[in-house]
Each structure stands twice: as structure tokens, then as C-alpha cells.
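Q: Take this sequence and fold it.
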Amino acid sequence: MLSHYSTTVPFQISVPNEVLFEIFHNLSTPDLIILTSVSHCFNAVSEHILYSSISIKDILSSSSSCPWRTERCCQSIIQRQHLGKRIRGFHIRWHIDVDPSSPCDCDFTTALEKLEQVLRSGILSSLESLELWLGPANRGVHPSIPHVIERMILGSHFRQLTSCSLGAEWAKGLPPYSSTLDNFLGSLQSLRHLKLHDHHAALSLPSVALPILSSFRGSPATSASLLPGRPIQYLSLIGDDYDVNQEILTQFAKTTIPLRVLDLSGMAVRPILLRNLATHLPSIEVLKVRLALRHTLHYALTGIRLLTGLSSVLKTFRLLVQLDLSPTSVAGGDVKQELNLCNEWHRACPSLKRITFPSHREWFHRFDRMWVPTDV
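A: Next up is the predicted model:
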């Protein structure tokens, strides 16, 4: 336990850094910060842990108009560049706590300058995970000015990067992405997981780019340009389900290995789209979906009974093992009603073994062919 008395006590310890690392790894961030002042040895081990994965979240408001946490973090990295090689994760998220439609009076200038310096200077040479969600930083920018994300990544090289998530708030008239993003992604030969939250067009990547990419989250158009010829098994779509047409579905089916997990929680999905997906992607084993119940097949039903019409859709998924309806908003629904739906859906789709309802109650199909909730 750390002493809170003012008396200075000579500190002598002979413990391998590996042992200290295992001990310190379980400590909280405030405790690690205190330990950096105890000794040179403790400082080295504590800073190694503190800087190994950095996660900053700035909430912008009328009383806090600049992302000051990001500013301080980047300044600290710039002043301690020797620690840059220890940073494996770098996650920056900016959110605004005001009406999204109102003008943004935030000042991003200093934070963006420092963030750009950290990302483009080569300090983070060992980075494995990068997340940049710059929220409203693209607002009010003339379309002729580069997208704020591209200003941060221009010329960056992260050869060890395996996970990347990029984006900012999007609206018509804001700066679009350009070839800068294509060039950046084309340099990430180790990338396995990619999220592009505000990219709504096709990417222009050579066929040899992103050779081991296994998961992607983005718009239908971007997904259709990325999936063909790549070993993507997990796809998460965002946007409008009307954008998922037959041409795009055909492109989804051109991965080098079967697509197994499909997450549709980022869009309101009509039953007709599910049928089309089952036709083009017969290998789907896990499906997470937010249903657009205004398009239900049973207009006379209410509450959870609206889901009854899903049987005719589920029978087209021949390999489906897990169905997650937790993103769907449905009022009511008790255990008996859910059990009845489990049995009905299993008759339509015999491969189904696990179901999560809008109530977030999860059911699984036991070896004795009985459906039971997981909390039993």
C-alpha cells in the first residue's frame, strides 16, 4: 500500500521487471500514476503499462468546447517519444453534448494539430489497434478541404496494425473521402478488422490489398467493393436497407471463404431483405438484426406476436445457428410467448440453437431437444 505520509523513506527493492509488470498490471490507472514517482524502476514499469493502450474520450459542450484530454495526451506522447514504441492501442473518441443540428462552436485546431503530429510522425511505430472517431470535427468544413480523418492519416504507416476504426459525423455537403483513405488502407497488410463509419461509396483498392481482412463494418456500397476476393467472415452493415440491392448482394457472395456472421443491428431491416440475404449468403450461421416491424407480415398482431411472421423467413436460412433480435424494439413478451416462438422457429429452421429476444432474454436448444433460457 502506498504511504500518504510526508516522510521520505529510502526505497530498496530487487524484483525483476517481469514480476513487477505482472503485479502492476492489475492496478488502477490512478495507482499507476502514483507509482511513476516512487522510483526509476517503478516509473519505467508503470509507464509501460499506462502507455501500452491509450483510450481517450472527450465530451464537448458549451462549457468544454475543445477536446482537452486529447490535447494533453498527444502532448505527453510528443514529450516522451521513447514511449511511442510501447503503445499498442490508440483510441480517440470525440462526442458532442448538444443538438447535432445546431452549429458547432468547438475549437479543434490545437487538438487536431497535436493528433496529426502523433499519427504522422512515426512515433506510434508499434501500433496494433487504432480508433479515430472525431465526431463533429468535420462540421462546417468546406467540401474542398480534405476530410478530417484523412488529414490525420495522410502519409501514416502502421505496419503492425491489425484493427482500425475510422469516422466522424456525416451529413450531405461535408468533405468526402478521397484516394488518401485508399492509399492508407492499401498499406495495412496486417489488418484483420476494419470499421468505416462514415464512408458511403466504393473503395478503390488493388486486389492484393488487405489480404487477411476477416471482419468489416460499413455501408453497403463500401462493403460491396471490399468483400470480393478477401477472406471476410464477419460483416456488419450500417445505413439504409434499401441500399442493399441485388447487385450489392452478388458482391457480398464473392468472399474467398464463406461469410458466417452478419450483423444488421445498424439498420432497420425488412423481411424481404432477409430472404434475399439467405439466397445469396447461404452460409450465414450467426444473424443479429434490428427488424423494421412496420413491414411485418402480420399487420393484425401486436407486441412480440409481431415476430410470428418471421418463420417463413427463417426457413430460408439452412445453416443458421444463432439469432439475435435484441436490437429490435418490441413491447411486451413473456417467457411463455418466447418459448412458443422458439419452438415455431426451430421447426422452420432446424439448425437454430440459440435465440436472443428483444427482451434480451437468451434461449438455447439443449441436447434433450428442449428450449431453455440461459438464466435458468
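Q: Helices of this protein, start to end?
A: Under the criterion DSSP state H, helices of the chain are mapped to 17-24, 29-35, 40-52, 68-79, 109-120, 148-153, 179-186, 220-226, 246-252, 271-280, 311-314, 335-348.
Q: So which of those helices is nearest residue 132?
A: Among those, the nearest to residue 132 by Cβ to Cβ is helix 148-153 (6.1 Å). In short, each C-beta sits where N, CA and C put it, glycine included.
Q: packing partners for that closest one?
A: helix 109-120, strand 129-133, strand 163-167, helix 179-186 (3 or more Cβ pairs under 8 Å, 6 or more residues apart in numbering; DSSP states H and E).
Q: hmm, 6 Å instead?
A: Applying 3 or more Cβ pairs under 6 Å, 6 or more residues apart in numbering; DSSP states H and E, we find helix 148-153 packed against helix 109-120, helix 179-186.
Q: for the stretch 51-200 of the chain, which spans come out with low pLDDT?
A: Scanning the stretch 51-200 of the chain with the threshold set as pLDDT under 70 gives 98-104.
Q: That should have said the stretch 251-376 of the chain, apologies.
A: 294-303, 332, 376.
Q: Tell me where it has strands.
A: Assigned by DSSP state E, counting those that start in this stretch, the stretch 251-376 of the chain shows strands spanning 261-269, 286-291, 322-324, 354-356, 362-365, 371-373.
Q: Dump the ones you listed to JSON lines, plus mean neighbour count.
A: Shown next, in JSON lines, are these (neighbours: other Cβ atoms under 10 Å):
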{"stretch": "strand 261-269", "mean neighbour count": "20"}
{"stretch": "strand 286-291", "mean neighbour count": "21"}
{"stretch": "strand 322-324", "mean neighbour count": "20"}
{"stretch": "strand 354-356", "mean neighbour count": "19"}
{"stretch": "strand 362-365", "mean neighbour count": "18"}
{"stretch": "strand 371-373", "mean neighbour count": "16"}
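Q: closest to residue 225 out of these?
A: Of the strands of the stretch 251-376 of the chain, nearest to residue 225 by Cβ to Cβ is strand 261-269, at 17.7 Å.
Q: The closest one - which strands sit beside it in the sheet, and in what orientation?
A: Using DSSP bridges, the strands paired with strand 261-269 are strand 234-238 (parallel), strand 286-291 (parallel).
Q: Reformat the helices of the chain into CSV and put distance to residue 236 and mean neighbour count next to each item.
A: Listed next are those as CSV, based on distance: least, Cβ to Cβ, whole Å; neighbours: other Cβ atoms under 10 Å:
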stretch, distance to residue 236, mean neighbour count
helix 17-24, 35, 13
helix 29-35, 30, 14
helix 40-52, 27, 17
helix 68-79, 26, 17
helix 109-120, 25, 18
helix 148-153, 19, 22
helix 179-186, 17, 17
helix 220-226, 9, 22
helix 246-252, 12, 15
helix 271-280, 13, 18
helix 311-314, 20, 18
helix 335-348, 23, 16
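Q: Distance to residue 359 added to the ones you listed, as TSV?
A: Formatted as TSV, those follow (distance: least, Cβ to Cβ, whole Å):
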stretch	distance to residue 359
helix 17-24	41
helix 29-35	36
helix 40-52	39
helix 68-79	37
helix 109-120	42
helix 148-153	38
helix 179-186	39
helix 220-226	29
helix 246-252	30
helix 271-280	21
helix 311-314	19
helix 335-348	7
